[in-house]
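K.L.:
just to be clear, the model below is a prediction. Sequence and coordinates:
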Amino acid sequence: DAGVTQSPTHLIKTRGQQVTLRCSPKSGHDTVSWYQQALGQGPQFIFQYYEEEERQRGNFPDRFSGHQFPNYSSELNVNALLLGDSALYLCASSYQGALSEKLFFGSGTQLSVL
Amino acid sequence: AQSVTQLGSHVSVSEGALVLLRCNYSSSVPPYLFWYVQYPNQGLQLLLKYTSAATLVKGINGFEAEFKKSETSFHLTKPSAHMSDAAEYFCAVSDRGSSGDKLTFGTGTRLAVRP
């Protein structure tokens, strides 16, 4: 049983560019959350998708957007990249019917903005 | 808003010594609390969680944590440190009864284990 998979593992972009990160949830999970982890910090909640809709959103600008597909996989898009967007982006999946029971995290995508 | 504070960004112990990582929470409602571990270049792995059942929670790898409402604390302990315990540890809180599994994390504590 595959866990949460994220792609790519590493990415280098320049300021002003756009980036798309991808996540496949654990089998049986229907909810996907995205977190940003800056160097030396704890993860910060970006947003959560359920039933192909954004259900919750953290304190992130509109440059951060996402999408969930019918197969529950998800994408995180960041437009007009800033140097401060450099971070590890973590995807976590869960089952809607088990609130706060357990999130499964992927290994993340390391984004470097030059 | 829920929040957690982790005291000590770096903790160093000798192999075989007691591990104590501190976490205090702020919540207007009874919280769900979690401890996660992160090894280098990896995602987060759940160590244990408190969801209002027993106040002493046992997790994986010999870790446990005690929920103390009077002290608003949820400290993580392990009786005897092992070299493989060296990692970053994060305390997190979740809104009970919220519409999803949104977690608010602390800033983390890096545990070093000396031989």
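P.N.:
Nice, thanks for sending it over.

K.L.:
in chain A, what residue is nearest chain B?
P.N.:
A:Gly42 (3.4 Å; Cβ to the nearest Cβ). (C-beta placed from N, C-alpha, C; glycine too.)

K.L.:
does that residue belong to a helix, a strand or coil?
P.N.:
Classification of A:Gly42 using DSSP: H, G, I helix; E, B strand; the rest coil returns coil.

K.L.:
could you say which helix or strand holds A:Leu11?
P.N.:
strand A:10-13 (DSSP states H and E).

K.L.:
list the buried ones in the next helix-or-strand element following that strand?
P.N.:
As assigned by DSSP H and E, the chain's next helix or strand after strand A:10-13 is strand A:19-24. Neighbour counts over strand A:19-24 (16 or more other Cβ atoms under 10 Å in any protein chain shown) mark A:Val19, A:Leu21, A:Arg22, A:Cys23, A:Ser24 as buried.

K.L.:
so what's the residue most central in space within chain A closest to, chain neighbours aside?
P.N.:
Centroid check for chain A by Cα atoms, centre = their mean gives A:Trp34 as the closest residue, at 3.1 Å. Distances taken as Cβ to Cβ, 6 or more residues apart in numbering or on different chains place A:Ile46 nearest to A:Trp34, at 4.3 Å, with adjacent residues excluded.

K.L.:
hmm, A:Phe60 and that neighbour touching each other?
P.N.:
Yes: using Cβ atoms under 8 Å, A:Ile46 is in contact with A:Phe60, at 5.1 Å.

K.L.:
now the residue of chain A closest to chain B, nearest residue through space, not along the chain?
P.N.:
For A:Gly42, ignoring the flanking residues on the chain, the nearest one in space by Cβ to Cβ, 6+ apart is B:Phe105 at 3.4 Å.

K.L.:
now do the phi/psi pair for that neighbour.
P.N.:
B:Phe105 adopts backbone torsions of phi -100, psi 150, taken as degrees, to the nearest 10.

K.L.:
find the closest residue to chain A in chain B.
P.N.:
Per Cβ to the nearest Cβ, B:Phe105 is where chain B lies closest to chain A, at 3.4 Å.

K.L.:
which ones are touching that residue?
P.N.:
Applying Cβ atoms under 8 Å, 6 or more residues apart in numbering or on different chains, we find B:Phe105 in contact with A:Gly42, A:Pro43, A:Gln44, B:Val4, B:Tyr36, B:Phe90, B:Cys91, B:Ala92.

K.L.:
residues in contact with the last one?
P.N.:
Contact analysis of B:Ala92 by Cβ under 8 Å, 6+ apart lists A:Gly42, B:Val4, B:Leu33, B:Phe34, B:Trp35, B:Tyr36, B:Leu103, B:Thr104, B:Phe105, B:Gly106.

K.L.:
how about the third one?
P.N.:
With contacts defined as Cβ under 8 Å, 6+ apart, the neighbours of A:Gln44 are A:Tyr35, A:Gln36, A:Gln37, A:Ala38, A:Gly58, A:Asn59, A:Phe60, B:Phe105.

K.L.:
A:Leu88 is in contact with the third one, correct?
P.N.:
Yes: taking contacts as Cβ under 8 Å, A:Gln37 lies within contact range of A:Leu88: 4.4 Å.

K.L.:
which bits of chain A sit near chain B?
P.N.:
A:4, A:31, A:33, A:35, A:40-45, A:48, A:50, A:55-56, A:58, A:90, A:92, A:94, A:96, A:99-103, A:105-108 (Cβ under 8 Å from any Cβ of the partner chain).

K.L.:
once you drop chain neighbours, what's closest to the residue nearest the centre of chain B?
P.N.:
Nearest residue to the geometric centre of chain B (Cα atoms, centre = their mean): B:Trp35, 3.2 Å. Excluding the flanking residues, the one nearest B:Trp35 by Cβ to Cβ, 6+ apart is B:Leu47, at 4.4 Å.
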